[in-house]
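>>> Structure for this input, please:
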Amino acid sequence: MARMRTSAKIAWLLAGGLVIGAPLLYWGYVMSQPHPLDGFAQCLADRGATFYGAFWCPRCREQKALFGRAQRLLPYVECSPPNRQGQYAVCREAQVRAYPTWVFADGTRREGVLSLQQLSEATGCELPLGYGS
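Here you go, the predicted structure:
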């Protein structure tokens, strides 16, 4: 096999970096852009709501999906270790028995996927126009 010149190797490395790196940069850019529910998600956190879930839980993914890109601001606590065995201590101490579980500042808790309207009513956080009922 013929030896590849150093300049050709560098060209291949740069091309490979663009193929891999450009989509990652774009994804990072998209996720950093403001979302209409950013303020609402931040308000939930500011008002003391906590969303307990597990990475493998389809209902938790459904709950997060309601927020679109704003899910990065949710007051989310991961309960499951990578091996899916047991629960992290913070979730045991909070007596989380189902996913998703929301715990609010007044101590009330709700299990299951909550609508944006239900979360608004539980916290007093105002939904942006077009997101309420």
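>>> What's the first helix or strand after the worst-scoring helix or strand of the chain on mean pLDDT?
Least confident element among the helices and strands of the chain, by mean pLDDT, DSSP states H and E: helix 6-32 (a mean of 63). If you walk from helix 6-32 toward the C-terminus, the next helix or strand you reach (DSSP states H and E) is helix 38-46.
>>> any idea how far the closest residue to residue 98 other than its chain neighbours lies from residue 129?
Once its chain neighbours are removed from consideration, residue 98 has its nearest residue in residue 111; the separation is 4.4 Å (CB to CB, 6 or more residues apart in numbering). Just so you know, the C-beta spots here come from the backbone N, C-alpha and C atoms, and that holds for glycine as well. Taken as CB to CB, to the nearest Å, the spacing of residue 111 relative to residue 129 amounts to 29 Å.
>>> Looking at the two, which is more packed in?
Regarding residue 111 and residue 129, a neighbour count based on other CB atoms under 10 Å identifies residue 111 as having more, with 14 against 7.
>>> Next one, pLDDT for that one please.
Per-residue confidence at residue 111 stands at 98 (pLDDT).
>>> Residue 110: helix or strand, and which one exactly?
Per DSSP H and E: residue 110 is located in strand 109-111.
>>> Name the next helix or strand downstream of that strand, please.
On the C-terminal side of strand 109-111, the nearest following helix or strand under DSSP H and E is helix 116-123.
>>> who does that following helix touch, helix- and strand-wise?
helix 38-46 (3 or more CB pairs under 8 Å, 6 or more residues apart in numbering; DSSP states H and E).
>>> and the helix it packs on, which residues are buried?
By neighbour count, and taking 16 or more other CB atoms under 10 Å as the criterion, the buried residues in helix 38-46 are 38-41, 43-45.
>>> Alright, calling it a day.
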